[in-house]
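Asker: Have a look; sequence and predicted model below, questions after that.
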Amino acid sequence: MAWIPEESHEKIFEMFHTLRPRDQVEGSGMGLALVKKIVEQIGGTVTIKSKEGRGCEFGFTWPKKQTDGDLASRAA
């Protein structure tokens, strides 16, 4: 079962970053970076819990209500 060491928790949210060499992984390293950027842009947070032998758990908070003005000012 895949898990992510604690020292790599911040790195996985960097654009184009993967924990394995490019020839071993099909991904671009953009997925988690984009998720974090979008969630934080609207005022939410992204978290990760990972333990060897138990895998990874990702969580996020999403504001209950957004106004059009809030979204426009954060997109700038």
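Answerer: Okay, I see it.
Asker: right, and residue 60 touches residue 42 too?
Answerer: No - Residue 60 lies out of contact with residue 42 (C-beta atoms under 8 Å); the separation is 10.3 Å. C-beta here means a position set from N, CA and C on the backbone, and glycine is covered the same way.
Asker: quick one, what contacts the most centrally placed residue in the chain?
Answerer: By C-alpha atoms, centre = their mean, the chain has its centre lying nearest to residue 32, at 3.6 Å. Residue 32 makes contact with 12, 13, 46, 58 under the criterion C-beta atoms under 8 Å, 6 or more residues apart in numbering.
Asker: what's downstream of the helix or strand encompassing it, the next helix or strand?
Answerer: Here residue 32 sits within helix 31-41, counting by DSSP states H and E. If you walk from helix 31-41 toward the C-terminus, the next helix or strand you reach (DSSP H and E) is strand 45-51.
Asker: can you give me the angle that following strand makes with helix 31-41?
Answerer: Orientation check (axes from the mean of the first three to the mean of the last three C-alpha atoms, to 10 degrees): strand 45-51 against helix 31-41 gives 140 degrees.
Asker: Off-centre distance for strand 45-51?
Answerer: Shown here is strand 45-51, whose average C-alpha point lies 9 Å from the average C-alpha point of the whole chain (C-alpha atoms, centre = their mean, to the nearest Å).
Asker: Counting by contacts, list what it packs against.
Answerer: In terms of contact count using 3 or more C-beta pairs under 8 Å, 6 or more residues apart in numbering; DSSP states H and E, strand 45-51 is assigned the packing partners helix 31-41, strand 55-61.
Asker: among the ones you listed, which is the most enclosed?
Answerer: Using mean count of other C-beta atoms under 10 Å, the stretch among the helices and strands packed on strand 45-51 with the largest mean neighbour count is helix 31-41, at a mean of 14.
Asker: That helix vs strand 55-61, what angle?
Answerer: Interaxial angle of helix 31-41 relative to strand 55-61 (the same axes, to 10 degrees): 20 degrees.
Asker: Much appreciated, bye for now.
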